[in-house]
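Asker: Build me a model from this:
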Amino acid sequence: MIDKLCDQKMEGDLGVASLYIDYNLQREQSVTNLMGAILKQLVGRPIPRDIRKAFHEGRVPQLEDLMRMLRITIAKLPKVYICIDALDECPPKELPKLLESLRDIVRESPTTKIFLTGRPHIGEAIYRNFTRVVVVPISPKEDDIKDYVVMRLDRDDRPEAMDDSLRAEIMRSILETMSNVYVGASPLSRMYTH
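Answerer: So this is what the prediction gives:
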């Protein structure tokens with residue numbers, strides 16, 4: 001999906017920002033840093049003077065500063081797509097503020113669309129922040145999972161430590177625990193009517 005949006009971006013005046021939230025990088029993935037990453041992707045070149053000035057004043061921009069800059073940047077673009085993958089990996093203390101920030105963006109910019117992916121347990125938080133959500137449940141194809149597990153097992157540094165029985169048990173266990181992936185796509189152009 002990101003590649004398709006980026007191809008469209010090349011053809012016209014379209015803003016695309018994408019993030020992957022990594023559980024192992026929770027300390028670096030504050031809402032302020034995530035909004036800064038979105039701003040960086042949307043701002044384009046040359047960097048507008050007011051944004052350049054804010055970063056050169058000698059202080060680190062706070063979330064409020066970044067949100068103001070995002071509003072200005074988004075207002076200059078006819079359409080914006082913000083895609084966040086693995087939302088469920090967002091630190092729990094940051095998730096509410098992240099969703100509030102995204103909600104504030106789309107309230108002010110109805111041409112902004114948000115695409116979120118994550119596991120089902122974050123659905124409630126999304127529904128609390130967005131009044132209209134389209135959910136597309138997806139699950140990996142069993143053959144794709146099998147192929148991936150076989151590839152990883154074949155790359156094992158110590159193949160002699162695994163017999164056929166253990167290999168079969170690993171495969172069975174992984175295929176039994178495959179979970180669905182939650183995808184929330186907000187058609188934000190129709191989301192807010194007030």
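Asker: What is the three-state secondary structure of the residue most central in space within the chain?
Answerer: Nearest residue to the geometric centre of the chain (Cα atoms, centre = their mean): residue 84, 1.0 Å. Secondary structure, DSSP: H, G, I helix; E, B strand; the rest coil: residue 84 is strand.
Asker: quick one: pLDDT of it?
Answerer: We have a pLDDT of 92 for residue 84.
Asker: what about it, distance to residue 114?
Answerer: 8 Å (Cβ to Cβ, to the nearest Å). Every C-beta, even on glycine, is put in place using the N, C-alpha and C of the backbone.
Asker: Buried ones in the helix or strand containing residue 123, by neighbour count?
Answerer: Using DSSP states H and E, residue 123 sits in helix 123-129. Across helix 123-129, burial judged by 16 or more other Cβ atoms under 10 Å covers 123, 125-126, 129.
Asker: Residue 27: which of those is nearest?
Answerer: Set against residue 27, the nearest of the buried residues of helix 123-129 by Cβ to Cβ is residue 125 (21.0 Å).
Asker: I'd say that closest one and residue 94 touch.
Answerer: No. With contacts counted by Cβ atoms under 8 Å, residue 125 stays clear of residue 94, the gap being 11.4 Å.
Asker: Which neighbours do the two have in common?
Answerer: Listed contacts common to residue 125 and residue 94 are nil; contacts here mean Cβ atoms under 8 Å, 6 or more residues apart in numbering.
Asker: Pull up the per-residue confidence for the residue nearest to residue 62 when sequence neighbours are not counted.
Answerer: Distances taken as Cβ to Cβ, 6 or more residues apart in numbering put residue 32 closest to residue 62, at 6.8 Å, once the chain neighbours are dropped. You'll see residue 32 listed with a pLDDT of 92.
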